[in-house]
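Enquirer: next come a sequence and a model predicted from it.
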Amino acid sequence: MAALFAAWLSVSGIALTSMVLPLQAQTAVDPQRWSLTDSSGHSWGLTLFEQPDPAYPAGWRLRLTARSPGQGVDHQRPLLLSDSLGGAWVLPNRSEELVRQGEELIPESSAQFDVHALDPRPSEVMPLQLEVPTDNQEGTTLVMLQPEVVQALHELPPNLAS
C-alpha cells in the first residue's frame, strides 16, 4: 500500500508541476493591440507592450504604426497626450528600439514611445488625444483614443523607478 501511495504522489507531483511551471514561465504580459483612425481618416495601429529586448531599458512601450499609404512618423519628436481637463504627458521617442542595437534603418511607418513618462496615469474616464509626430507638412496628426485604450493606459502598473 505504501508503494502505491508513493507512486500516486509521484504522478500527482509531476501533474501539479506541469500545471504550475507554465504559469511561472509566462512572466511577460501579451501585447495589447488596437486599430485607430486619425482626424484625417488615416488608419493607425497602436500596440502597448513591455520592452522584451534586454539590450534596451525595461518598461512599457506604446508603438504606433501608420497603416495608410504615404503616412510616416517622425523618429525624433515625442508623443504628446492630453485630456480635456488640461492634463498633458510627453512620451519620449524610443523608435531606435524598433531595430537591433547598431542598426540604423528604422521603419518609416512605425514609431515607439516610452510610457514611463505617463505619470501619474491618466483618468480611466477622461478622453485622451494623441498628437502623433509625423513627417508630413502638418508635422502632427491627431488621434482620439477609444475608451478601452484609455482604460488600458490607466491600468498600467505604477512606475517603480524614482
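Expert: Great, that's in hand.

Enquirer: quick one: low-confidence parts of the chain?
Expert: Residue ranges of the chain with pLDDT under 70: 1-28, 160-162.

Enquirer: quick one, strands of it?
Expert: Taking DSSP state E as the test, the strands found in the chain are 32-37, 43-50, 60-66, 79-83, 88-91, 110-114, 128-133, 140-144.

Enquirer: tell me the most buried of these?
Expert: Of all the strands of the chain, strand 110-114 has the most neighbours on average by mean count of other Cβ atoms under 10 Å, namely a mean of 23. Using the backbone N, CA and C atoms, a C-beta is placed for each residue, glycine as well.

Enquirer: starting at the chain centroid, how far to that one?
Expert: Here strand 110-114 is found 9 Å from its chain centre; the criterion is Cα atoms, centre = their mean, to the nearest Å.

Enquirer: with just CA atoms, put it into PDB.
Expert: Presented in PDB, the C-alpha positions along strand 110-114 are these (Å, rounded to 0.1, in the frame of the first residue of the first chain):
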ATOM      1  CA  SER A 110       6.300  53.000 -37.100                       C
ATOM      2  CA  ALA A 111       7.400  54.900 -34.000                       C
ATOM      3  CA  GLN A 112       7.800  53.700 -30.400                       C
ATOM      4  CA  PHE A 113       7.400  55.700 -27.200                       C
ATOM      5  CA  ASP A 114       8.400  55.200 -23.500                       C
END
